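Student: Structure of the sequence below:
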Amino acid sequence: MKAAIRDVLETLILTALIFFVVQSIVKNFRVEGTSMEPTLHNNEFLLVDRAVYWSLPARLVNQIVPTAAASNNNSDGRVYLFHPPQRGDIIVFQFPRDPSRQFIKRVIGVPGDVVQIQEGRVYVNNHPLNEPYIMAPPNYTMSAERVPPGEYFVLGDNRNDSSDSHVWGMVPWYYITGQAWVSYWPLGDWQFFPANAMASP
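Tutor: Here you go, the predicted structure:
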C-alpha cells in the first residue's frame, strides 16, 4: 500500500512539474477582435512562445560571463537567451494603459528606429516597408518618432481598425509576454508564424 501511494504521489508531482514547465514556455492565447486581419481572425486560438524572449539583466550576466554581456547587451540593459523582439514578429503583450488586458500586434520599430506614417506607407529609418500582410494602407499620418531604448513600436495588420502604437505609444520590453508561434484552431487557419517576418528597412 505504501509503495502504491508513493507511486501515485510521484506521478502527481511529476505531472505538476511538467505542467508548470510547459506553462512557463508556452501560453494559449485567443484573438479578440479584428485588428490583426487578414493575418489573424477573431476567436482564433494560438500558442505563444514565451521562451524566445527570455532574458537576464546585463549586470548579472556581466558578473558571470563578461564577454557574453558585452556581445549581447541590448538597449534595455538585458541579455537575451535567443533574441529580443524583432521587426515583423507578432507579439502578445500587456496593454500599457491597462496591464490586465492582453493585446496582439506586429513589431514595426525596435529601439533606436525612427518610425513615420505618411501617404499610406509606413517608413522605418526613412525607408518604406513592403507589407503584403496588411488589410489596407493606413488612412492616417504620424510624424517621425524615435523608438526609445527598451521599447517597441507595434501596429495591427488591419491598420485602419487597430488600437496600437500610433494611438497610445510604445510597448516596454517588460510588458511583452511572447511571440505568436502557431495558430491551432480553427483547423482551417492552422499556420506557423515565422520570426522577423519583415524585410529590413
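Student: List the contacts of the nearest residue to Trp54 once chain neighbours are set aside.
Tutor: Of all residues not flanking Trp54 in the chain, Leu81 sits nearest, at 4.5 Å (C-beta to C-beta, 6 or more residues apart in numbering). In this view, the C-beta of every residue, glycine as well, is placed from N, C-alpha and C. By C-beta atoms under 8 Å, 6 or more residues apart in numbering, the contact list for Leu81 reads 51, 54-56.
Student: Likewise for Ala136?
Tutor: 158-160.
Student: again, but for Phe93
Tutor: 102-105, 154, 171, 175-177 are the contacts of Phe93 under C-beta under 8 Å, 6+ apart.
Student: The residues you listed in strands, which ones?
Tutor: 102-105, 154, 171, 176-177 (DSSP state E).
Student: nearest to His127, of the residues you listed?
Tutor: Nearest to His127 among the ones in strands among the contacts of Phe93 is Val154, at 18.3 Å by C-beta to C-beta.
Student: who does the closest one bridge with?
Tutor: Val107 (DSSP bridges).
Student: Kindly report the same for Ser183.
Tutor: Here Ser183, judged by DSSP bridges, has bridge partners Leu46, Gln191.
Student: Quick check: it touching Asn43?
Tutor: No: using C-beta atoms under 8 Å as the test, Ser183 is too far from Asn43 to be in contact (11.4 Å).
Student: of these two, who's got more company?
Tutor: Shown here are Ser183 and Asn43; by other C-beta atoms under 10 Å, Ser183 has more neighbours (22 against 10).
Student: Am I right that Leu40 is in contact with Arg106?
Tutor: No: contact between Leu40 and Arg106 fails when scored by C-beta under 8 Å: they sit 9.8 Å apart.
Student: Spit out the residues that contact those two alike.
Tutor: With C-beta under 8 Å, 6+ apart, Leu40 and Arg106 have common neighbours 90, 157.
Student: list the buried ones in stretch 148-167?
Tutor: For stretch 148-167, the neighbour count (16 or more other C-beta atoms under 10 Å) marks 150-159, 162, 164-166 as buried.
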